[in-house]
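S.K.: Give the three-dimensional model of this entry:
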Amino acid sequence: MDYKDLNLIGSSSPHIRTKDGAGHIMGEVMIAMVLPLAFAVYNFGPRALATAAVSVAGCCFFEWLYRAMLHKNNTLSDFSAAVTGILIAFVCPVTIPYWILLVGDFFAIVVVKQLFGGVGKNFLNPALAARAFMLCWAGEMTTWVGPRSSVPVMGVIDAATYPTPMSLLHENNLSGLQQIYDLPKMFVGLIGGSMGEVSAMLLILGGLFLIWRKVITWYIPVTYIGTVAVLTFLFPRGNDPVQWMLYNLLGGGLMLGAFFMATDYVTSPVSHLGQAIYGVGCGLITVFIRYFGSYNEGVCYAILIMNLTVWIIDKNIKPRRFGVVKEKKAENAKKEAAKK
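M.R.: Purely as a prediction, here's the structure:
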């Protein structure tokens, strides 16, 4: 057989070639975030769209600038920077000053992502790490407006802090929360909070779209949300268990974190069992912080903490490799052979 005319490619593993490259996957994630973003514009006014646009532009610019300065290939075509920009906007109040948003973009792209080698090398979720860093400006990061507010795109924003569901839950004030927000409003998203995490309904739809498209698996979202549901139902802090559980599930960033943050390929385990353990860990830490922390929300820090454990999970929970005999079994076989 003549091999001269074959178009052979020599490369390191993996050797699988499919259409599902980084750009395709990130594109699917962006599609899943369209409806939550549209609802944020409906709920908080055109500044929500401006905030997302500024954040995406900042992330793309910082990625391009860093790689250009170091004479590396341009990676904007994989859309990972754009996705990070949208997620950073999603976890911020719509009143966030643009300059703080750009500081968060720089931290996410340059410090968390590029300094560790770029896409696929970061060990923390860039958007959540940026949010944790941006809490250095705690006042600006915790100034909320109520639902159906029209926040001006430019200029100084004169806004008072509006009570969010998580602030009332943290005070164990379920009755007060029920007077302001009923469960249908909680589910639809007519509540105060970060601009992209208020509509549980649309976030669930986006997450189901990603599962249907096989961009993510169900293991992390189901175990994460299920753990929070079980713990809040079993320990309702003196309230009605079902109501307490539902308000905890629909309030805060749980749905956004479970479907769009915790499922990040780079910072989550590779095996299904590992993903389930990871989801349970995220749920445990989330409830622990919500119940006992001074801050009323635990999703961000729960996922970041579990990001740091992924290497341990992957190291100790490995899929079975066909044709490979475990060392202990091999040693026992040798001993048995020696006795004979």
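S.K.: what's near enough to touch the residue nearest to the spatial centre of the chain?
M.R.: Centroid-nearest residue in the chain: M261, 1.2 Å away (criterion: C-alpha atoms, centre = their mean). Applying C-beta atoms under 8 Å, 6 or more residues apart in numbering, we find M261 in contact with 87, 125, 127-128, 299, 303. Just so you know, the C-beta spots here come from the backbone N, C-alpha and C atoms, and that holds for glycine as well.
S.K.: Same question for N122.
M.R.: Contacts here follow C-beta under 8 Å, 6+ apart; on that basis N122 touches 112-113, 116, 266-267.
S.K.: ok, and the most crowded of the residues you listed?
M.R.: Most neighbours among the contacts of N122, by other C-beta atoms under 10 Å: K113, with 29 neighbours.
S.K.: State the distance from that residue to G58.
M.R.: According to C-beta to C-beta, to the nearest Å, K113 and G58 sit 13 Å apart.
S.K.: Show me which residues of whichever helix in the chain runs longest are buried.
M.R.: The helix that spans the most residues within the chain, counting by DSSP state H, is helix 47-69. Buried positions in helix 47-69, judged by neighbour count with 16 or more other C-beta atoms under 10 Å: 47-52, 54-56, 58-63, 66-67.
S.K.: Check the offset of that helix from the chain's centre.
M.R.: A distance of 18 Å separates the centroid of the chain from that of helix 47-69, by C-alpha atoms, centre = their mean, to the nearest Å.
S.K.: which helices and strands does that helix pack with?
M.R.: Under the contact criterion of 3 or more C-beta pairs under 8 Å, 6 or more residues apart in numbering; DSSP states H and E, helix 47-69 touches helix 34-44, helix 80-90, helix 98-106.
S.K.: what angle do it and helix 80-90 make?
M.R.: 140 degrees (axes from the mean of the first three to the mean of the last three C-alpha atoms, to 10 degrees).
S.K.: contact partners of helix 47-69?
M.R.: Under C-beta under 8 Å, 6+ apart, the answer for helix 47-69 is 37, 40-41, 73-76, 81-82, 84-86, 88-90, 92, 94-96, 98, 101-102, 104-106, 108-110, 113-114, 118, 151-153, 195.
S.K.: Separate out the buried members of those residues.
M.R.: For the contacts of helix 47-69, a neighbour count by 16+ other C-beta under 10 Å gives the buried set as 37, 40-41, 75, 81-82, 84-86, 88-90, 92, 94-96, 101-102, 104-106, 108-110, 113-114, 118, 151, 195.
S.K.: ok, which stretches of the stretch 101-250 of the chain are helices?
M.R.: 126-134, 138-141, 165-170, 174-180, 183-188, 200-212, 219-234, 241-250 (DSSP state H, counting those that start in this stretch).
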